[in-house]
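>>> Everything below, folded, please.
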Amino acid sequence: QVQLVESGGGLVQAGGSLRLSCAASGRTFLWMGWFRQAPGKEREFVGAISRSGGSTEYADSVKGRFTIARDNAKNTVNLQMNSLKPEDTAIYYCAAETTYPGSRSVYEYRYWGQGTQVTVSS
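Numbers count the residues shown, from 1 in each chain. From the prediction side, this is the model:
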């Protein structure tokens, strides 16, 4: 059975850093991604990474501040978030398995974690 479990969320001041992790079990995936959903807003793409780690995609709003990395030995994907802003406050979700490499659409990922809360105070 496939399971994605996120960890690492919390409260941080603006300008600070957090590192999220997503542990996958049940199988490995070609592409894995991170999405986020702020209160009252739709879930939006944050970033995605290929199995090798050689290909990544980022939303413009996080490019240069967030970095995705994979540890295939542990079947995990991490999201390093630096220079955090209050507008980064959201529930962050790990996603896996998409037919379209590097997809940015919530509709094109089959598996989802339960999410982890990230709150950035000003």
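
>>> Output stretch 84-100 in CSV, but only the C-alpha positions, please.
Taking Å, rounded to 0.1, in the frame of the first residue of the first chain, the C-alpha atoms of stretch 84-100 are listed here in CSV:
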residue,chain,number,x,y,z
LEU,A,84,10.6,32.3,4.3
LYS,A,85,7.9,34.9,3.9
PRO,A,86,4.5,35.2,5.7
GLU,A,87,2.8,34.4,2.3
ASP,A,88,4.5,31.0,2.4
THR,A,89,2.2,30.1,5.3
ALA,A,90,0.1,27.1,4.2
ILE,A,91,-0.4,23.4,4.6
TYR,A,92,2.3,21.7,2.5
TYR,A,93,1.5,18.4,0.7
CYS,A,94,3.7,15.8,-0.8
ALA,A,95,2.5,14.2,-4.0
ALA,A,96,3.6,11.3,-6.2
GLU,A,97,3.1,9.6,-9.5
THR,A,98,2.2,11.6,-12.5
THR,A,99,1.9,10.7,-16.1
TYR,A,100,3.4,14.0,-17.1
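
>>> For that stretch, give the mean pLDDT please.
Averaging pLDDT along stretch 84-100 gives 95.

>>> Could you list the buried residues of that stretch?
Of all the residues in stretch 84-100, those buried under the rule 16 or more other CB atoms under 10 Å are 84, 88-98. Yep, even glycine has a C-beta here, placed from its N, CA and C like the rest.

>>> Let's see which of these end up in helices.
Helix and strand membership here follows DSSP state H; of the buried residues of stretch 84-100, not one is in helices.

>>> Quick check: the farthest pair among those residues?
When CB to CB is used, the two most widely separated members of the buried residues of stretch 84-100 are Leu84 and Glu97, lying 28.3 Å apart.
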